[in-house]
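**Q** Pasting a predicted model and its sequence here:
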Amino acid sequence: MKSLTSLWSCTAQEMAVRCHTSATRDIKTVVSRTEHEGISFLAISLANFGKATEKWLDQGFVVPSDVPGFARGSGRLIGLPTFLSGYLGRVFDPCSGVLMDYPDIEAIYAVRQLTLMFSKIRFPEASSDGKPLRVVTPERERRAMSEYVRCEQEVRFSDSILDESYMDDFHRMSEVLFGPVFRSMERILSFQKLVPKHGPGAVADRLSSNTKFNQHTWTTRLQHIFNADDYLISSPIISTDIDQKRFYSVSATERCFSLSVKRIDLLEPDMEVPVRVISVPKTLDTPRIIAIEPTCMQYMQQALFALIRDGLKRDDFLSSVIGIDDQDPNRELARRGSLSGDLATLDLSEASDRVSNQHVLALFAGYPLLLEGVQATRSRKADVPGHCVIRLAKFASMGSALCFPVEAMVFLTVIFLGIEEELNMPLSREACESYLGQVRVFGDDLIVPRDCVLSVVDKLSVFGHSVNASKSYWAGRFRESCGREYYDGQDVSIVKVRQLFPTRRQDATGVIATVAFRNQLYWAGLWKSVSWLDSYLERILRFFPNVAPTSPVLGRESALGYQFQTLDPYMHSPLVKGYYVYAKPPSDPLTGDGALLKCLLRHEKLPSDILSVKAPRMSIGVANTDDEHLERTGRPEHVGIKLGRRSPF
């Protein structure tokens, strides 16, 4: 805890020099309150202060009551909280609290950096002595599960009160936007087999990464449109017993080598495995709730995901208004919106969990094959801890491969319905295309014209979606989208601490995260804070050289370039001594038809740019090679760092 407050004090002093103010009283406040309140002050109380500041920037004036845990100023500072008043006084009028005509951008950045630096901090699963640690308390986790169930009930209620005319409008607009693309997808489904794939994550039936290729469970809903013979068997010769809902499949390879029989069990809807709802770390205050899909469902969801994504990319208009794997266009529009004020940025609360399946039925209505495929790969039930198995009214939670693209199409449809309402006239495809550069959707980050924002917000509410008022901006000059923030065209995005600082070299994940944080601070220009972190890391790492951003070595990134001590005796390329990440995937041997199926799928001609499982930077230096994927695969159970000589670039 002391190291976190020391870093905060160093950053506050550095920003005070840049903003021509003093941070002495602020530092005393943070040190004192952290001693009494612990990490919750840094991760929750300070973060709430930062969120309130963003609200003040958007509305144009300070409301001190928005931060009840911080005292209000007196005298000439009556319009501001006492905490960080030296910085806030360069942005808002100290007496009235009204936003200045020309606020200090550096001070805006300073307030955001100092208040939100620890808002995303997470704890390791175990302490240095091996004792387990919890990221959130059991009470907060139970509350999050109850919120999941409450959201489900609200979706069901919203469906019951939605007028049928709204659904007719929704279907009409979806046809205007997606009709040509959906017709193309229908043709593909009619004439060719899709290419499925297994994702890297966990599955509800708890199969390991390679064991997924030996799955023998399918559902009757999937079988109706995606025959198990085509997707589970590498080269099948089938003996079918439909009455008993069971297939006995013998692949040609197995017939040659072992003559083994692969049994495929078909599950009726009432026997399907429900999604498993779990919590994963998000913030110290609230966990993120996701749903783990059954193996057969996520397998075919990946196939449909590739079909939908490639279809959207082939359409010039839709590829410009829906983002699937590129956040930069959203960020550029947010920057432009902060400069001109013509564009609004909206953020939705519980976005995935509030997309009703009724909306998805209306979205794909008129395209029976596509609709059946989407519905067949949708899980209908969820196992919620503390609430048993519930029937789902939502389309899908985070964890489904189709959640992201389908919710984007639903949100885009509702946005243009809101624009229609503002213009009081129906929109044609050509009229929709005139909004290029003004409308864009990336997940739950929405960009819309400011002139239509109230109508769009109202239409989103009608369809059961909840706009997060604290993270949606259109009144002032502050905008945020896809993790980047801007004020008046200037980037005021900050760097955040993601994990507690390590106290020893054996804490590999802590070392990796802290080195990454140090390098982010360097490129953000906070060099005094970087110097403090360099001193801290040098006490843990014996070798901490200057390296290029692409180097596998954990080192200091610098605009001055990299350093090296020797040359490779065979390649004659530079080498530097330092620590590199070593992660060994768990043993997961795969043989027989499952191994053949995996190899065939890996070499199948996939649709262009299908999202692949890219190894994170920490996996550079992994012990095994791709040739060993039939022996070892999956996420490493343990990550370590080793000392050695590697390339500095």
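**A** That came through, no problem. Numbering: from 1, shown residues only.
**Q** residues of stretch 379-388 that come out buried?
**A** 379, 382-384 (16 or more other CB atoms under 10 Å). All C-beta spots, glycine's among them, are computed from the backbone N, C-alpha and C.
**Q** what about residue 93, distance to residue 448?
**A** 31 Å (CB to CB, to the nearest Å).
**Q** Neighbour count: the two, which is higher?
**A** When residue 93 and residue 448 are compared for neighbours, residue 448 comes out ahead with 28 against 17, by other CB atoms under 10 Å.
**Q** Tell me who's in contact with the more buried one.
**A** 343-344, 346, 415, 418-419, 438-439, 456 (CB atoms under 8 Å, 6 or more residues apart in numbering).
**Q** Pick out whichever of these sits closest to residue 370.
**A** Residue 370 lies nearest to residue 415 out of those, by CB to CB, at 21.8 Å.
**Q** Quick check: which element contains the closest one?
**A** helix 403-423 (DSSP states H and E).
**Q** check contacts around residue 357.
**A** Residue 357 neighbours (CB under 8 Å, 6+ apart): 378, 392-395.
**Q** From the recorded domain assignment, give the ranges for this protein.
**A** Domain assignment for the chain by automatic domain parsing gives 2-119, 162-191+315-379+393-491, 537-646.
**Q** Quick one: closest of these to residue 234.
**A** If we rank those by CB to CB, the stretch that ends up nearest is domain 537-646, at 4.3 Å.
**Q** what about residue 540, distance to residue 450?
**A** 49 Å.
**Q** Just name the shakiest helix or strand of this structure by mean pLDDT.
**A** helix 252-257 (a mean of 38; mean pLDDT, DSSP states H and E).
**Q** circling back: sort out which one of the contacts of residue 357 lies nearest residue 117 for me.
**A** Among the contacts of residue 357, and counting by CB to CB, the member closest to residue 117 is residue 394, at 34.4 Å.
**Q** Show me the strands paired with the biggest strand by length in the chain, marking each as parallel or antiparallel.
**A** Longest strand of the chain, by residue count under DSSP state E: strand 574-583. In the sheet, strand 574-583 lines up against strand 553-554 (antiparallel), strand 566-567 (antiparallel), strand 639-646 (antiparallel) (DSSP bridges).
**Q** now the ones you listed as CSV including distance to residue 187, mean neighbour count and mean pLDDT?
**A** As requested, these are exported to CSV (distance: least, CB to CB, whole Å; neighbours: other CB atoms under 10 Å; pLDDT from 0 to 100):
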stretch, distance to residue 187, mean neighbour count, mean pLDDT
strand 553-554, 50, 28, 92
strand 566-567, 58, 10, 85
strand 639-646, 46, 17, 89
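**Q** Residue 40: which of those strands is closest?
**A** strand 639-646 (27.9 Å).
**Q** Retrieve the pLDDT associated with the closest residue to residue 477 other than its chain neighbours.
**A** Spatial nearest neighbour of residue 477, excluding adjacent residues (CB to CB, 6 or more residues apart in numbering): residue 488 at 4.5 Å. Residue 488 carries a pLDDT score of 93 in this model.
**Q** Residue 488: neighbouring residues, count only.
**A** Neighbours around residue 488, by other CB under 10 Å: 19.
**Q** circling back to that earlier point, export the domains of the chain to TSV and tack on distance to residue 279?
**A** Converted to TSV, the domains of the chain look like this (distance: least, CB to CB, whole Å):
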stretch	distance to residue 279
domain 2-119	17
domain 162-191+315-379+393-491	12
domain 537-646	18
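**Q** looking at those, which one has the lowest mean pLDDT?
**A** When I compare the domains of the chain, domain 537-646 is least confident, with a mean of 75.
**Q** follow-up on the earlier one: so for residue 226, which of the domains of the chain sits nearest?
**A** domain 162-191+315-379+393-491 (6.8 Å).
**Q** thinking again about what came up before, of all the contacts of residue 448, which two lie farthest apart?
**A** Of all the pairs that the contacts of residue 448 form, the one spanning the most space (CB to CB) is 343 and 418, at 14.4 Å.
**Q** Tell me which of these two has more neighbours.
**A** residue 343 (26 against 23).
**Q** low pLDDT regions in the stretch 151-300 of the chain?
**A** Within the stretch 151-300 of the chain, the ranges that satisfy pLDDT under 70 run 235-262, 283-285.
**Q** which helix is the longest one in the chain?
**A** Ranked by residue count and defined by DSSP state H, the top helix of the chain is helix 164-191.
**Q** Quick check: buried residues in that one?
**A** Buried residues in helix 164-191 (16+ other CB under 10 Å): 166-167, 169-178, 181-182, 184-186, 188-189.
**Q** Same question for stretch 494-514.
**A** Buried residues in stretch 494-514 (16+ other CB under 10 Å): 494-502, 505, 507-514.
**Q** How about the contacts made by the residue nearest to residue 477?
**A** Applying CB under 8 Å, 6+ apart, the residues contacting residue 488 are 105, 338-339, 477.
**Q** ranges for the strands of the stretch 401-550 of the chain?
**A** 440-442, 445-449, 466-467, 478-481, 484-487, 490-491, 546-547 (DSSP state E, counting those that start in this stretch).
**Q** Please report how far the residue nearest to residue 477 lies from residue 342.
**A** 13 Å.
**Q** Helices of the stretch 251-400 of the chain, start to end?
**A** 252-257, 295-314, 316-321, 328-340, 357-363, 368-376 (DSSP state H, counting those that start in this stretch).
**Q** so which of those comes closest to residue 232?
**A** Using CB to CB, the nearest of the helices of the stretch 251-400 of the chain to residue 232 is helix 295-314, at 8.4 Å.
**Q** Check which residues of the closest one are buried.
**A** 295-313.
**Q** Equivalent analysis for stretch 266-282, please.
**A** 266-267, 272-279, 281-282.
**Q** before we move on, what about stretch 213-224?
**A** Of the residues in stretch 213-224, those buried (16+ other CB under 10 Å) are 213-215, 217-219, 221-223.
**Q** with those in mind, which one is nearest to residue 646?
**A** residue 213 (33.7 Å).
**Q** Tell me the secondary structure at the closest residue to the closest one other than its chain neighbours.
**A** Excluding the flanking residues, the one nearest residue 213 by CB to CB, 6+ apart is residue 594, at 3.8 Å. What DSSP: H, G, I helix; E, B strand; the rest coil gives for residue 594 is helix.
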